[in-house]
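Asker: Kindly return the folded structure for what I paste below:
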Amino acid sequence: MAVKFNPSRLKLARTRRQLTLKALADRVGMSSRMVSEHEKEYCKHIPQEETIEAFSQALNYPVSFFLEQDSIESVDKETVSFRSLKSMRAAQEHAAIGAGQLGVMLNDFFEARFNLPSVNVPDYRGIEPEASAEAVRQEWGIGYVSIGNMIHLLEKHGVRVFSLAENTQDVDAFSFWKDGVPYIFLNTMKSGERSRFDAAHELGHLVLHRHGVPQGRDAEYEADRFASALLMPKVTVLPYKGRAMTIESILKLKAKWKVSAMALIVQMKNVGVLSEWQYKNLIITASKMGLRTREIDGIPRERSLVFDKIVSSLDEEKGGLLILAKELHLPLDELSALLFRMGVVHSGNISIRKESQLNKKPHLTLVT
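Answerer: Here you go, the predicted structure:
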């Protein structure tokens, strides 16, 4: 017996699993052409229940996901900042955009049930990255102190920060604006220090390139300059000028700003703390120590407290993540991957006031 079926959800699930039409067709025992027909918006071939079940098993998505009639909003590729576009395969790019679509869906679900922090991300198009970073610090009331937690800061100002559990570093981070809401996605394979820099880099894109991200080296260089200035303000780095900087002192000092050794060396060069000779020697030494890809005495990776608290508030005793996955008709692995593989987090930084009635939105606040 034929049932209702959502073709766009089949395509999304396939791209998330990075399968070609042929690969999925081989798994379900049909032709590539027939799978393609099932993905078309006006599908003439409504699949039978056994066919949908075959799609479900092949893609590890629940049958109910394909039967939901609500459309999942598209994310325009032209609005997305990809840091490693040249090294990405098409399948990786499509899968990442699919993660973006799921993130938007999750945000819509959360916004309908919780009062999330309102968006407060300035538009500094046309302004130099360093000046923009300083302006963000002043507007957000940070001053020149070291940023304790980059993700918490972003969430406080309305940025929706999701994680990516893509099994590759070719997709390290990306961001975009959608319906006036800023989104950032961070790869969980990166070190804590590099993830913080990625978060600041993507904030740079949101601030500097709000109405479309110009792909290319110039845009990436601008976002890097913004991130460096945001995490390591010039005024806090300059006092070290004239000191004898060794790799040991760099490894000790990087904890002050919670950045990688390489990022600190580059910023010290950019603001005039290091001479060209000092810079080259430190880069050579750091490279020999493997500090381009790893950290010594690294920091824990940051994660979202907003999403942790939302999930734990749904049902602390029965497993909020499982309940959420069932309600959204999503596989648990996809949900966990987007929400920092979250568990119950106890913290005084974020609190949610629960209401006894479902039609009342709990208000989520950041407590300083």
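
Asker: Report the helix or strand with the lowest average pLDDT across this protein.
Answerer: Taking mean pLDDT, DSSP states H and E as the measure, the chain has strand 350-353 as its least confident helix or strand, at a mean of 36.

Asker: Low-confidence ranges, the stretch 201-350 of the chain, go.
Answerer: Within the stretch 201-350 of the chain, the stretches with pLDDT under 70 are 211-216, 315-319, 341-350.

Asker: Helices of that one, residue ranges please.
Answerer: Counting by DSSP state H, counting those that start in this stretch, the stretch 201-350 of the chain has these helices, from start to end: 217-231, 234-237, 247-257, 261-270, 276-288, 305-314, 320-328, 332-338.

Asker: Mean neighbour count and distance to R196 added to the ones you listed, as CSV?
Answerer: (Glycine included, C-beta is placed from N, CA and C.) Listed next are those as CSV, based on neighbours: other Cβ atoms under 10 Å; distance: least, Cβ to Cβ, whole Å:
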stretch, mean neighbour count, distance to R196
helix 217-231, 20, 7
helix 234-237, 16, 16
helix 247-257, 16, 9
helix 261-270, 22, 9
helix 276-288, 14, 18
helix 305-314, 22, 15
helix 320-328, 17, 25
helix 332-338, 18, 19
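
Asker: and of these, who's closest to L19?
Answerer: Closest approach to L19 among the helices of the stretch 201-350 of the chain (Cβ to Cβ): helix 332-338, 14.4 Å.

Asker: What count of nearby residues applies to M105?
Answerer: When neighbours are defined as other Cβ atoms under 10 Å, M105 has 18 of them.

Asker: After the host helix or strand of it, which helix or strand is next? Please name it.
Answerer: Taking DSSP states H and E as the definition, M105 sits inside helix 90-111. Toward the C-terminus, helix 90-111 is succeeded by helix 129-139 as the next helix or strand (DSSP H and E).

Asker: Would you mind writing the CA trace of the helix or strand that that following helix is followed by as CSV?
Answerer: Heading C-terminal from helix 129-139, the first helix or strand you meet, by DSSP H and E, is helix 150-156. This file holds the C-alpha atoms of helix 150-156, laid out as CSV (Å, rounded to 0.1, in the frame of the first residue of the first chain):
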residue,chain,number,x,y,z
MET,A,150,34.2,31.2,22.8
ILE,A,151,31.1,29.1,22.3
HIS,A,152,29.4,30.4,25.4
LEU,A,153,30.2,34.0,24.2
LEU,A,154,28.7,33.3,20.8
GLU,A,155,25.6,31.7,22.3
LYS,A,156,25.1,34.6,24.6
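
Asker: is it true that L238 touches M268?
Answerer: No - using Cβ atoms under 8 Å, L238 is not in contact with M268; the gap is 9.2 Å.

Asker: so who does Y144 touch?
Answerer: With Cβ atoms under 8 Å, 6 or more residues apart in numbering as the criterion, the residues that contact Y144 are 137, 233, 235-236.

Asker: which of those lies closest to T79?
Answerer: Using Cβ to Cβ, R137 is the member of these that sits closest to T79, with 25.8 Å.

Asker: which residues touch the closest one?
Answerer: R137 makes contact with 143-144, 230, 233 under the criterion Cβ under 8 Å, 6+ apart.

Asker: distance of the residue nearest to G29 when sequence neighbours are not counted from P62?
Answerer: Spatially, and ignoring its direct neighbours in sequence, G29 is nearest to A54 (7.2 Å; Cβ to Cβ, 6 or more residues apart in numbering). From A54 across to P62, the span is 13 Å (Cβ to Cβ, to the nearest Å).
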